[in-house]
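*Asks:* Based on what follows, work out the 3D shape:
(chains A and B)
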Amino acid sequence: GEDVEQSLFLSVREGDSSVINCTYTDSSSTYLYWYKQEPGAGLQLLTYIFSNMDMKQDQRLTVLLNKKDKHLSLRIADTQTGDSAIYFCAESIAGRRALTFGSGTRLQVQP
Amino acid sequence: ETGVTQTPRHLVMGMTNKKSLKCEQHLGHNAMYWYKQSAKKPLELMFVYNFKEQTENNSVPSRFSPECPNSSHLFLHLHTLQPEDSALYLCASSQDREPFFGPGTRLTVL
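*Replies:* Numbers count the residues shown, from 1 in each chain, chains lettered A, B, ... in the order given. Down below sits the predicted model:
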């Protein structure tokens, strides 16, 4: 079945690295995504990784995928107060239009 | 207008009212979605439309009635709602892959 899990909360100091983790259960995932939601706003696509890749880097963001363990992580380098938001991971499964989302991780950045 | 727009951004309604939420996408996508986001269940898929046809209904109560007149517009008609239906309603659209989200309508049912 489909299930995507994330820890609920992460607090870091400004300038530190943040690592947000996600696990999923469906081995037929094709793409995995990270979305960011700021207060009062919709979800904004941050980055994605194809399931046959194990790493993708995009400026301050690094996505790591361990397909064997079905584990996805998002690392934010030099975390800023503007990175405070809820981060959702999501998986795309072949044959289904809608993504399956995790419950979101609230990232709090302390000045 | 660009991206996915939703109106109204905020809505307060009584349990006996009838109201509608509107979503419009300016991206040329062929699929549209309604999601509900609340404290109890962070992101819950409600409906999926693919080329104007409903392809998923995630056991949504009949007091929520979607309408998709064309690939660019999606409505959610609301009637006799309950206070527990208060939530952020998010619309999204996609073309083969990842969805792009609108800003949402914050609904409060009194």
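*Asks:* From here on, just use CA atoms for contacts and neighbour counts.
*Replies:* OK.
*Asks:* could you list every residue that touches the closest residue to chain A within chain B?
*Replies:* Scanning chain B for the residue nearest chain A gives B:Pro103, at 4.1 Å (criterion: C-alpha to the nearest C-alpha). By C-alpha atoms under 8 Å, 6 or more residues apart in numbering or on different chains, the contact list for B:Pro103 reads A:40-43, B:4-6, B:9, B:90-91.
*Asks:* pLDDT at the residue lying closest to B:Lys41 once chain neighbours are set aside, what is it?
*Replies:* Excluding the flanking residues, the one nearest B:Lys41 by C-alpha to C-alpha, 6 or more residues apart in numbering or on different chains is A:Ser103, at 7.6 Å. We have a pLDDT of 92 for A:Ser103.
*Asks:* tell me the SS of A:Ser103?
*Replies:* Assigned with DSSP: H, G, I helix; E, B strand; the rest coil, A:Ser103 falls in the coil class.
*Asks:* Contacts only, for it.
*Replies:* A:4-6, A:8, A:88, B:41-43.
*Asks:* Which pLDDT value does the model give residue 47?
*Replies:* Looking at chain A here, since you left the chain open. So A:Thr47 comes in at 96 (pLDDT).
*Asks:* Wait, chain B was what I had in mind.
*Replies:* pLDDT, B:Phe47: 96.
*Asks:* ok, how many other residues are close to it?
*Replies:* 22 (other C-alpha atoms under 10 Å in any protein chain shown).
*Asks:* Repeat that for A:Gly82.
*Replies:* 10.
*Asks:* For it, grab phi and psi.
*Replies:* phi -70, psi -10 (degrees, to the nearest 10).
*Asks:* for the helix or strand of chain A with the lowest mean pLDDT, the distance to its chain's centre please.
*Replies:* Lowest by mean pLDDT, DSSP states H and E among the helices and strands of chain A is strand A:100-101, with a mean of 91. Mean C-alpha position of strand A:100-101 versus that of the full chain (C-alpha atoms, centre = their mean, to the nearest Å) differs by 11 Å.
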